[in-house]
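Asks: this one's sequence-less:
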Ligand SMILES: [Zn+2]
């Protein structure tokens with residue numbers, strides 16, 4: 001088993017070289033090792049190790065493609081992927097103008113069920129109870 005900083009490097013390398021698609025799997029299952037090769041670290045999943053079977057979109061519409069990974073390798077890959085997506089989203093948001101940020105916020109929160117505006121029936125009902 002690899003220690004954590006090494007595992008992170010292996011996961012980052014797997015992302016850089018796109019050993020797996022760069023999104024979370026459509027479906028995944030866990031189970032005992034079957035001797036398959038880990039798509040992230042490249043070694044076989046053997047012995048008492050647990051493995052994840054990961055299903056992603058395939059090349060053809062409606063098709064799927066499967067990968068296998070050690071559980072700790074998958075965890076490191078997922079954390080690295082999330083960190084990259086967050087960094088890219090933050091960079092994209094920071095590159096927006098003030099008007100674009102306001103428009104993005106308006107679109108994100110427009111019609112949100114949790115939003116209560118003054119004059120809403122629920123807000124009026126609250127006032128009447130006092
Ligand atoms: Zn592995």
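Replies: Noted; the coordinates are in hand. Because the structure is predicted, anything quoted here is derived from the model rather than measured.
Asks: Can you spell out which helices and strands pack onto the longest helix seen in the chain?
Replies: Identified as the longest helix of the chain according to DSSP state H is helix 71-94. Using 3 or more Cβ pairs under 8 Å, 6 or more residues apart in numbering; DSSP states H and E, the elements in contact with helix 71-94 are helix 4-16, strand 50-57. Every C-beta, even on glycine, is put in place using the N, C-alpha and C of the backbone.
Asks: if we look at the first one, which residues are touching it?
Replies: What it means is helix 4-16. 2, 20, 22, 39-41, 72-73, 76-77, 79-81, 84 (Cβ atoms under 8 Å, 6 or more residues apart in numbering).
Asks: can you rerun that using 7 Å?
Replies: Contact with helix 4-16 is made by 2, 20, 22, 40, 41, 72, 73, 76, 77, 80, 81, 84, as judged by Cβ atoms under 7 Å, 6 or more residues apart in numbering.
Asks: Tell me who's in contact with the fourth one.
Replies: Read it as residue 40. Applying Cβ under 7 Å, 6+ apart to residue 40 gives the contacts 10, 11, 14, 19, 69, 73, 74, 77.
Asks: Check the third one too.
Replies: Listed by Cβ under 7 Å, 6+ apart, the contact partners of residue 22 are 15, 81.
Asks: from the chain's centre, how far out does stretch 85-99 sit?
Replies: 18 Å (Cα atoms, centre = their mean, to the nearest Å).
Asks: What parts of this protein come near the ion?
Replies: 38, 40, 41, 70, 73 (Cβ under 5 Å from the ion).
Asks: how about 6 Å then?
Replies: Residues of the chain lying close to the ion by Cβ under 6 Å from the ion are 38, 40, 41, 43, 69, 70, 73.
Asks: which of these are buried?
Replies: Neighbour-count burial (16 or more other Cβ atoms under 10 Å) applied to the residues of the chain next to the ion gives 38, 40, 41, 69, 70, 73.
Asks: ok, of those, which one's closest to residue 101?
Replies: residue 40 (36.3 Å; Cβ to Cβ).
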